[in-house]
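# after the sequence you'll find the predicted model.
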Amino acid sequence: MDAVTPFTPVSALIGGALIGLSAVWLMAANGRIAGISGITGGLIGPAVPDRLWRLAFVAGLIAAPLIVMLAAGPVEISIQAGPLTLIAAGLLVGAGTQMGSGCTSGHGVCGLSLFSPRSLASVAVFMAAGAATVFVTRHLIA
């Protein structure tokens, strides 16, 4: 069975605009890049003086979808992978963000807007890897 990904341009545009605005706000207010791996990495390890805003940021990432579900009702979530696949994927993403000095949000949203060559290269690799993964999982393995 082929997986169908719904085309939702309005919600995608609104979500993208909100992500962009929050990245600008964080940069303007704190002088920080809104990269999730860097923000969460600052919560783990030695105490840092800016831990409070990092905790608030991560709490917002968790609270926002819960608030939307309370307002709009439950959302059907379908994950078509087993627990081992999800664990492996999470570990690979973590290793990739460490190797690439950042994650998709840091490089894609913030790094590209700052014209960072490293971010351009990282985003090119992210996109190529994502396209290859979709092709393999939907056309070769399925």
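Okay, I see it.
# any idea of the mean pLDDT in the helix or strand harbouring P65?
Using DSSP states H and E, P65 maps to helix 51-72. Model confidence over helix 51-72, given as mean pLDDT, is 91.
# quick check: next helix or strand after it?
Downstream of helix 51-72, the first helix or strand assigned by DSSP H and E is helix 83-99.
# buried sites along that following helix?
Across helix 83-99, burial judged by 16 or more other CB atoms under 10 Å covers 96-97. To be clear about C-beta, it is placed using only N, CA and C from the backbone, and glycine gets the same treatment.
# the bottom helix or strand of this structure by mean pLDDT?
helix 104 (a mean of 82; mean pLDDT, DSSP states H and E).
# still on that earlier bit, centre of the chain to the helix holding P65, how far?
Here helix 51-72 is found 14 Å from its chain centre; the criterion is CA atoms, centre = their mean, to the nearest Å.
# repeat that for stretch 77-90.
Offset of stretch 77-90 from its chain centre (CA atoms, centre = their mean): 16 Å.
# ends of it, what's the gap?
18 Å (CA to CA, to the nearest Å).
# try stretch 95-105
For stretch 95-105, the end-to-end distance is 15 Å (CA to CA).
# so for the residue lying closest to M69 once chain neighbours are set aside, what's the pLDDT?
Excluding the flanking residues, the one nearest M69 by CB to CB, 6 or more residues apart in numbering is V75, at 6.0 Å. Confidence at V75, expressed as pLDDT, is 80.
# how much space between the residue sitting nearest the centre point of the chain and A56?
When CA atoms, centre = their mean is applied to the chain, the residue found nearest the centroid is S105 (5.2 Å). With the distance defined as CB to CB, to the nearest Å, S105 ends up 16 Å from A56.
# do the same with I67
To A56, I67 is 15 Å away according to CB to CB.
# what do you get for H139?
For H139, the distance to A56 - CB to CB - is 42 Å.
# then G35?
Counting by CB to CB - G35 and A56 are separated by 16 Å.
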